[in-house]
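1. got a sequence here, can you model it:
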Amino acid sequence: VELDEITSAREEAEKSSAGGLSKKQLEAYSDAVVYKIDVPANRYDLLCVEGLSRALRIFLGEMDPPNYEMTGDPVFTMTVQKSNTDQIRPFVVCAVLRDITFNQERYNSFIDLQDQLHRNLCRQRTLVAIGTHDLDAIKGPFSYDARDPKDIKFVPLTPVDKGEFVSSDLLKFYETEPEAKHLKPYVGIIKDSPVYPVILDSNETVLSLPPIINGDHSKITLDTKNVFIECTATDLTKANIVLDTVVTMFSEYCAKPYSVEPVTVQYEDASGAIVNSYVSPALSTRTEKAKVEFCNSLIGINLSAEEMRNLCNKVQLGPAELLENDTILQITVPPTRSDILHPVDIAEDIGIAYGYNNIRKRVPTTSTVGGEFGLNQFGDLLREEIGRAGYIEVLTHGLCSIHDNFTALRRPVTAAVSLSNPANVEYQVIRTTLLPGLLKTLQHNKSASFTSGFKLFEISDVVLPDDKHVVTDTIVGARNSRRLCAVYAGPTSGFEIIHGLVDRIMTLSEVAPDPEYAGTDLQASGEGKYRVSRAGWVYKIQALDTETDPNGQTYFPGRAAAILLTTPEAPDEPKQIGTFGILHPEVLGNFDIMYPSSCVELDMEALM
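-> Residues are numbered from 1 along each chain as shown. Take a look at the predicted model:
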């Protein structure tokens with residue numbers, strides 16, 4: 001953790017009001033010291049004061065790490081109607097906290113932890129939703145089902161004193177009423193589903209409508225002694241982490257501290273047969289190993305194996321043991337530390353326990369000279385020159401729709417790296433060409449003057465599927481390719497303008513034109529004396545066959561060209577590194593562009 005600020009309620013009120021509050025109004029706020037602490041996003045056990053204070057006390061040696069345990073065999077059963085819940089929210093895990101004692105501070109912290117988890121790990125309740133109930137007000141066994149919204153009727157916690165609601169009407173109320181605005185963001189999670197998830201007890205009393213609201217019948221109060229906790233989820237792993245976090249934090253207030261009563265969860269199919277069963281909470285404890293030498297090297301310190309073992313015990317990674325002649329550190333990961341996944345995480349916690357401020361700065365034992373990556377340097381130099389030619393650089397989004405990337409360009413839909421769960425239709429695939437971004441920029445700048453022509457360019461990466469591309473001995477299935485794309489739109493097509501840009505780029509890249517393409521012998525004319533070019537690097541322009549080339553349909557027939565490059569490695573095999581030409585009217589119409597346009601797109605890496 002990191003101390004962000006030391007302040008008070010009065011100081012915060014004064015800051016937020018920007019001097020708008022009088023001295024008398026400020027006196028109404030407390031001047032008690034408040035510590036603002038930054039908590040790492042993956043430390044869910046530090047999201048409440050119970051976990052934070054426990055971690056500090058263990059670190060200071062004032063208490064031993066607690067041993068979380070289950071109290072015997074499960075008493076209650078949660079039966080899941082699998083065929084129904086699979087349609088919307090398939091998983092549930094449960095637990096019981098017996099003989100718990102609440103006061104106002106503990107109750108507030110209990111509610112606050114649930115809110116923090118909902119915002120963080122639960123991703124605004126889309127992955128997991130927590131429900132807590134007074135066990136003495138309900139009767140087991142319990143069931144989890146998904147039913148028609150009109151068949152679910154209950155009295156919710158919100159609104160107060162407005163009686164029973166049908167679930168579909170309740171969601172409409174949450175969408176429109178100011179008093180329920182805090183629940184409005186969650187309505188869309190289940191609103192359009194034909195069935196809504198529901199937790200019930202043996203009397204068919206509705207306990208909750210996850211992930212929206214709990215029922216008033218089983219609400220928690222300061223007098224509650226036994227708490228039934230259920231977590232419905234679309235991700236079972238996340239659900240187990242959430243439930244483990246809640247019960248480990250608040251089981252310290254039970255009559256038998258750090259004890260949890262398990263619940264059996266069983267899944268029934270449509271015929272009533274049990275197809276799956278498990279006991280929750282998981283309270284998973286496991287061991288992980290890391291080399292002592294690896295930890296010292298990664299952190300930049302020189303600790304003995306015994307010192308590392310003691311530090312691990314201070315950060316709740318104990319009991320830690322030393323193996324193989326004290327060269328291997330084996331730690332125990334408790335249910336509260338789901339963030340430990342790799343030896344790097346162990347080294348990080350050792351570094352935190354040691355204290356980053358205590359790590360002595362040293363001059364590296366090896367001398368290295370940094371330098372700009374060649375491809376990036378080449379791109380920066382081209383940006384300057386193309387900018388001087390009157391083109392405006394843009395930076396467009398790397399994700400686009402399948403329609404923009406292929407169909408709108410009159411290209412066949414081919415393989416592309418796609419997102420499995422895109423936020424919307426605009427983010428379906430990673431672009432394989434820079435052209436859609438430039439055309440959409442023209443589309444959104446129709447109010448600008450095109451009288452003298454509108455010039456745009458972008459130098460950026462596209463991502464291409466590639467089953468042979470290897471990174472660190474791993475085939476990733478895709479590779480980045482640096483591209484240059486430029487567009488001209490104006491009163492005329494501007495083909496000759498784009499053609500001139502192509503020649504200028506090749507000159508700057510020290511690639512000479514083929515004598516036949518240039519139309520004259522450069523040496524005889526004297527121009528060759530002043531041209532800097534690499535030996536064996538030659539380019540030429542030839543007509544593009546718009547019928548056979550994969551990108552040919554993007555251009556107007558007979559008004560497109562291919563850029564062919566010959567290198568010393570393959571002097572007899574010219575390689576096509578790009579195309580340019582006048583854009584087809586249908587392409588312009590797809591992007592709602594009112595002026596004739598020309599473009600060029602080429603592979604920069606081929607020029608290196």
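2. going forward, measure contacts between C-alpha atoms and count neighbours the same way
-> Fine.
3. wait, a helix at Asp4?
-> No. Going by DSSP: H, G, I helix; E, B strand; the rest coil, the assignment for Asp4 is strand, not a helix.
4. pretty sure it contacts Ile37?
-> Yes. Counting by C-alpha atoms under 8 Å, Ile37 is a contact partner of Asp4 at 5.2 Å.
5. so for the two, which residues contact both of them?
-> Common contact partners of Asp4 and Ile37 (C-alpha atoms under 8 Å, 6 or more residues apart in numbering): none.
6. could you look up the SS state of the spatially most central residue of the chain?
-> The centre of the chain sits closest to Arg123, judged by C-alpha atoms, centre = their mean, with a distance of 10.4 Å. At Arg123 the chain is in coil, as set by three-state DSSP.
7. tell me the spacing between it and Ala129.
-> 9 Å (C-alpha to C-alpha, to the nearest Å).
8. for Leu439, same thing?
-> Taken as C-alpha to C-alpha, the span from Leu439 to Ala129 is 43 Å.
9. after the worst-scoring helix or strand of the chain on mean pLDDT comes which helix or strand?
-> Lowest on mean pLDDT, DSSP states H and E among the helices and strands of the chain sits helix 522-525, with a mean of 49. On the C-terminal side of helix 522-525, the nearest following helix or strand under DSSP states H and E is strand 538-543.
10. can you list the strands that that following strand pairs with?
-> strand 512-513 (parallel), strand 555-567 (antiparallel) (DSSP bridges).
11. which residues sit against it?
-> So strand 538-543 is in contact with 506, 511-514, 517, 558, 560-567, going by C-alpha under 8 Å, 6+ apart.
12. quick one: which of the residues you listed is nearest to Phe406?
-> Among those, Ala560 lies closest to Phe406 (C-alpha to C-alpha), at 18.3 Å.
13. pretty sure that closest one contacts Ile582?
-> Yes. At 6.3 Å, Ala560 and Ile582 qualify as touching, with contact defined as C-alpha under 8 Å.
14. quick one on the thing from earlier: right, and the pair among the contacts of strand 538-543 with maximum separation?
-> By the measure C-alpha to C-alpha, Gly558 and Thr567 form the most distant pair in those, at 27.5 Å.
15. backbone phi and psi for Thr132, please?
-> The phi and psi values for Thr132, taken as degrees, to the nearest 10, are phi -120, psi 140.
16. partners of the closest residue to it other than its chain neighbours in the sheet?
-> Of all residues not flanking Thr132 in the chain, Ile229 sits nearest, at 4.6 Å (C-alpha to C-alpha, 6 or more residues apart in numbering). According to DSSP bridges, the partner residues bridging Ile229 are Ala95, Thr132.
17. what ranges does the stretch 201-350 of the chain have for its strands?
-> According to DSSP state E, counting those that start in this stretch, the stretch 201-350 of the chain carries its strands in the segments 206-209, 213-214, 227-233, 259-268, 274-280, 286-291, 321-323, 328-333.
18. which neighbouring elements make contact with the third one?
-> Contacts of strand 227-233 with other secondary structure elements, assessed using 3 or more C-alpha pairs under 8 Å, 6 or more residues apart in numbering; DSSP states H and E, are made with strand 91-97, strand 128-134, helix 236-250.
19. buried residues in the last one, which are they?
-> The one in question is helix 236-250. 236, 238-250 (16 or more other C-alpha atoms under 10 Å).
20. show the average pLDDT along that helix.
-> Averaging pLDDT along helix 236-250 gives 95.
21. ok and that helix relative to strand 128-134, angle-wise?
-> 40 degrees (axes from the mean of the first three to the mean of the last three C-alpha atoms, to 10 degrees).
22. which strands or helices does helix 236-250 pack on?
-> Helix 236-250 sits against helix 49-59, strand 91-97, helix 104-119, strand 128-134, strand 227-233, with contacts defined as 3+ C-alpha pairs under 8 Å, 6+ apart.
23. including distance to Pro335, mean pLDDT and mean neighbour count, could these go into JSON lines?
-> Putting those into JSON lines (distance: least, C-alpha to C-alpha, whole Å; pLDDT from 0 to 100; neighbours: other C-alpha atoms under 10 Å) gives the following:
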{"stretch": "helix 49-59", "distance to Pro335": "12", "mean pLDDT": "93", "mean neighbour count": "17"}
{"stretch": "strand 91-97", "distance to Pro335": "14", "mean pLDDT": "96", "mean neighbour count": "26"}
{"stretch": "helix 104-119", "distance to Pro335": "16", "mean pLDDT": "94", "mean neighbour count": "16"}
{"stretch": "strand 128-134", "distance to Pro335": "18", "mean pLDDT": "96", "mean neighbour count": "25"}
{"stretch": "strand 227-233", "distance to Pro335": "16", "mean pLDDT": "96", "mean neighbour count": "24"}
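24. and those: which comes nearest Glu324?
-> helix 49-59 (27.1 Å).
25. which elements pack onto that closest one?
-> helix 236-250.
26. and the helix it packs on, how far from the chain's centre?
-> Distance of helix 236-250 from the chain centroid (C-alpha atoms, centre = their mean, to the nearest Å) equals 21 Å.
27. cool, stretch 426-441 as well?
-> 21 Å.
28. outside of that stretch, which residues touch it?
-> Here stretch 426-441 has contacts from 394, 396-402, 404-405, 409, 416-419, 422, 456-458, 460, 462-464, 483-487, 591, 593, 601, using C-alpha under 8 Å, 6+ apart.
29. so what pairs up with the closest residue in space to His342 that isn't next to it in sequence in the strands?
-> Nearest residue to His342, sequence neighbours excluded (C-alpha to C-alpha, 6+ apart): Glu288, at 7.6 Å. Beta-bridge pairing for Glu288 (DSSP bridges): Ile331.
30. Glu288 touches Pro343, doesn't it?
-> Yes. Assessed by C-alpha under 8 Å, Glu288 is found in contact with Pro343 at 7.4 Å.
31. low-confidence bits of the stretch 451-600 of the chain, can you list those?
-> 470-474, 519-530 (pLDDT under 70).
32. that one: strands as residue ranges?
-> 454-465, 470-471, 474-475, 478-489, 512-513, 538-543, 555-567, 570-583, 597-603.
33. ok, back up a step: more neighbours: Gly558 and Thr567, which one.
-> Applying other C-alpha atoms under 10 Å to Gly558 and Thr567 shows that Thr567 carries more neighbours, namely 19 against 13.
34. who does the more buried one bridge with?
-> Ala570.
35. tell me the contacts of it?
-> Here Thr567 is in contact with 536-538, 574 (C-alpha under 8 Å, 6+ apart).
36. follow-up on the earlier one: of the contacts of stretch 426-441, select the buried ones using a PyMOL command.
-> Selection command for PyMOL covering only the buried members of these, criterion 16+ other C-alpha under 10 Å:
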select buried, resi 396+398+399+400+401+402+404+405+409+416+417+418+456+457+458+460+462+463+464+483+484+485+486+487+591+593+601
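37. can you show me the helices along the stretch 301-450 of the chain?
-> 305-314, 343-354, 374-388, 402-405, 435-443 (DSSP state H, counting those that start in this stretch).
38. out of these, nearest to Ser367?
-> helix 374-388 (20.6 Å).
39. residues making contact with that closest one?
-> Outside helix 374-388, the residues touching it (C-alpha under 8 Å, 6+ apart) are 393, 459, 501, 505, 508, 605, 608.
40. for the residue nearest to His342, what are its contacts?
-> 330-333, 342-343 are the contacts of Glu288 under C-alpha under 8 Å, 6+ apart.
41. how close does it get to Ala347?
-> 12 Å.
42. likewise for Cys400?
-> As judged by C-alpha to C-alpha, Cys400 and Ala347 stand 39 Å apart.
43. got it, and Glu605?
-> 39 Å.
44. looking at the two, which one has more neighbours?
-> Just comparing Glu605 and Ala347: by other C-alpha under 10 Å the higher neighbour count belongs to Ala347, 22 against 15.
45. how about the more buried one: what's its closest non-neighbour residue?
-> Cys295 (4.9 Å).
46. who is Thr7 paired with across the strands?
-> Val34.
47. report pLDDT for it.
-> 89.
48. go on, the one 3 residues further on?
-> Taken from the predicted model, the pLDDT recorded for Arg10 is 85.
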